[in-house]
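J.: need a 3D model of the sequence below.
(4 chains)
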Protein chains: 2
Amino acid sequence: MARRAQGTAAGLSRERIADAAVALVDRDGLERFGVRRLADELGVDPMSIYHHIKGKAALLDAVSEAVLAEVAAATDDTSRDWEEIARRTAHGYREMAYRHPRVFPLLATRAQTSPVALIALERLVTAMREAGLPEQVVADAPMTLFGFLNGYLLAVLSGESGEDTGTPAIDADTYPTMAALAPLQAGYGSVAEFDRILGTVLGRVQDRAARGGTR
Amino acid sequence: MARRAQGTAAGLSRERIADAAVALVDRDGLERFGVRRLADELGVDPMSIYHHIKGKAALLDAVSEAVLAEVAAATDDTSRDWEEIARRTAHGYREMAYRHPRVFPLLATRAQTSPVALIALERLVTAMREAGLPEQVVADAPMTLFGFLNGYLLAVLSGESGEDTGTPAIDADTYPTMAALAPLQAGYGSVAEFDRILGTVLGRVQDRAARGGTR
DNA sequence: TTTGCTGAACCTACACCGTAGATTACGTGG
DNA sequence: CCACGTAATCTACGGTGTAGGTTCAGCAAA
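T.: Purely as a prediction, here's the structure:
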């Protein structure tokens, strides 16, 4: 609010800006997020931000990177077992998604090429390779795992973080089967549910490996 | 461009607007899409659109609905075999995604409650139920199938539709395994690849069914 | 101490956006 | 022939991202 005079240090830095941006998106959502609002939050002129980050796109990149860094920090890397690594990464990813449901669409939409993402993937595929899994299976693993993680979490969180929290409650007359099934879909955000589905995905990977890989 | 005088009919309708919006997003991308640009494209005052569609959010809903309708139209519903239905729906969905790569993020992000989406799901789960599959398996099917479809297609298309089509070509020194695997990931986007992964997902559903369902 | 430079912060300005509210005129039913 | 609903336009407001210029604390060399 009270902006300092020109030339006075405001203690801005890429990291401080990114953290504030994450907090702002968490609070108000992606729609309402903007450079000016972020500047207000930091008690700073909008243009000051541009001295540390090139533009709004780069700002969103920084947000992605910040929450991904959380995952990396929370995942301990003591294990060498690829399935253990995959499980821990997936659970860490899920927890981050629940911590920042309104940031998550950003991650699912943009291709992840940031170092922190690549390091995690490199660790996973290296472990898989050392375990002797067929090359093609290893090559497909990132896409298989994160493709599903993104799709699943996006669907589960879309109700969780929605601006308007009104589940329309599908019409039982026109969609009888869907309505009948609704109670069975009640437990959809639970860890148990997640772990079960994750297990089937990893099980599939192992099946392919056992069969010898390519097809 | 040449706007007519006030009161003169411009032949606008929800459908015509939605079609033009889809074309505009296809051409310029979601970032550049806006009410004013759409109005320009239609040769119409921006506010005229508001007489047919409530606001920008509703406009994007209309876009989603329009492309989903394409899928429904292209998928013939002669079969009663649930696996056949799932396959055809999935392939139709994929083709739509490739036809409108810049619209697709919209579908993956927003929860689908439009009639056209619900009708397709109702058909699928009804067929599965009639085939005698366990209730919980049927209940999980929509999430399993579309969760994966969305995640996978989002990842594959993010390179396809990118505003800047520069694949960064990961550094072979810092990420040796990832770099070594890159050639094996070349064919990502092909129908064959898609069908293979789809097969594993459907195979998983059948496995669960054979084992008796819940767990 | 004085000088001059660097860079981080601010200020101004512009083009654009979504949309609320008022106005206009065509086509139709009475 | 006239009133009216409707579909279009016009005007205006507050908000956005950001290019370009300005200001000034802090520091290094003279």
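J.: please name the nearest non-neighbouring residue to the closest residue to chain B within chain A.
T.: Distances between chain A and chain B by Cβ to the nearest Cβ are smallest at A:G151, namely 2.8 Å. Quick note: C-beta positions are derived from backbone N, CA and C, even for glycine. Setting aside the residues directly before and after it, A:G151 is nearest to B:G151 in space (Cβ to Cβ, 6 or more residues apart in numbering or on different chains), at 2.8 Å.
J.: where's that neighbour, which helix or strand?
T.: According to DSSP states H and E, B:G151 maps onto helix B:135-160.
J.: from DNA strand D, how far off is the residue nearest to A:G151?
T.: 28 Å (Cβ to the nearest atom of the strand, to the nearest Å).
J.: and the residue of chain A closest to chain B, how many residues sit next to it?
T.: 25 (other Cβ atoms under 10 Å in any protein chain shown).
J.: that one contacts B:G147, doesn't it?
T.: Yes: using Cβ atoms under 8 Å, A:G151 is in contact with B:G147, at 3.9 Å.
J.: any low-confidence regions in chain A?
T.: Scanning chain A for pLDDT under 70 picks out A:1-10, A:161-168, A:212-215.
J.: mind listing what A:E15 touches?
T.: Contact partners of A:E15, counting by Cβ atoms under 8 Å, 6 or more residues apart in numbering or on different chains, are A:A66.
J.: check which helix or strand covers it.
T.: According to DSSP H and E, A:E15 maps onto helix A:14-32.
J.: after that helix, next one along is what?
T.: helix A:35-42.
J.: whether that next one contacts DNA strand D - can you check?
T.: Yes: remark: helix A:35-42 sits within contact range of DNA strand D at A:V35, A:R36, A:R37, by Cβ under 7 Å from any atom of the strand.
J.: which of the residues you listed are buried, as a PyMOL select command?
T.: Applying 16 or more other Cβ atoms under 10 Å in any protein chain shown to the residues of helix A:35-42 next to DNA strand D, the buried members can be selected in PyMOL as follows:
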select buried, chain A and resi 35
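J.: list just the nearest of the residues of helix A:35-42 next to DNA strand D to B:V103.
T.: Nearest to B:V103 among the residues of helix A:35-42 next to DNA strand D is A:V35, at 26.5 Å by Cβ to Cβ.
J.: quick check: A:I17 vs DNA strand D, distance?
T.: Going from A:I17 to DNA strand D by Cβ to the nearest atom of the strand gives 13 Å.
J.: cool, A:I53 as well?
T.: In terms of Cβ to the nearest atom of the strand, A:I53 sits 9 Å off from DNA strand D.
J.: now do the contacts for that residue.
T.: A:R14, A:I17, A:L59, A:A62.
J.: how about the one helix or strand A:A66 maps to and DNA strand D, touching?
T.: Using DSSP H and E, A:A66 sits within helix A:56-74. Yes: against DNA strand D, helix A:56-74 shows contacts by Cβ under 7 Å from any atom of the strand at A:K56, A:A57.
J.: output the helix or strand just after that helix as CSV, nothing but the C-alphas.
T.: Scanning forward in sequence from helix A:56-74 by DSSP H and E, the next helix or strand is helix A:82-99. Presented in CSV, the C-alpha positions along helix A:82-99 are these (Å, rounded to 0.1, in the frame of the first residue of the first chain):
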residue,chain,number,x,y,z
TRP,A,82,11.7,-47.4,-8.8
GLU,A,83,8.2,-48.3,-7.6
GLU,A,84,8.9,-46.6,-4.3
ILE,A,85,10.1,-43.5,-6.1
ALA,A,86,7.1,-43.5,-8.3
ARG,A,87,4.7,-43.9,-5.4
ARG,A,88,6.4,-41.2,-3.3
THR,A,89,6.5,-38.8,-6.2
ALA,A,90,2.9,-39.4,-7.0
HIS,A,91,1.8,-38.9,-3.5
GLY,A,92,3.9,-35.7,-3.1
TYR,A,93,2.4,-34.4,-6.3
ARG,A,94,-1.1,-35.2,-5.1
GLU,A,95,-0.5,-33.4,-1.8
MET,A,96,0.8,-30.4,-3.5
ALA,A,97,-2.3,-30.4,-5.8
TYR,A,98,-4.6,-30.3,-2.8
ARG,A,99,-2.5,-27.6,-1.1
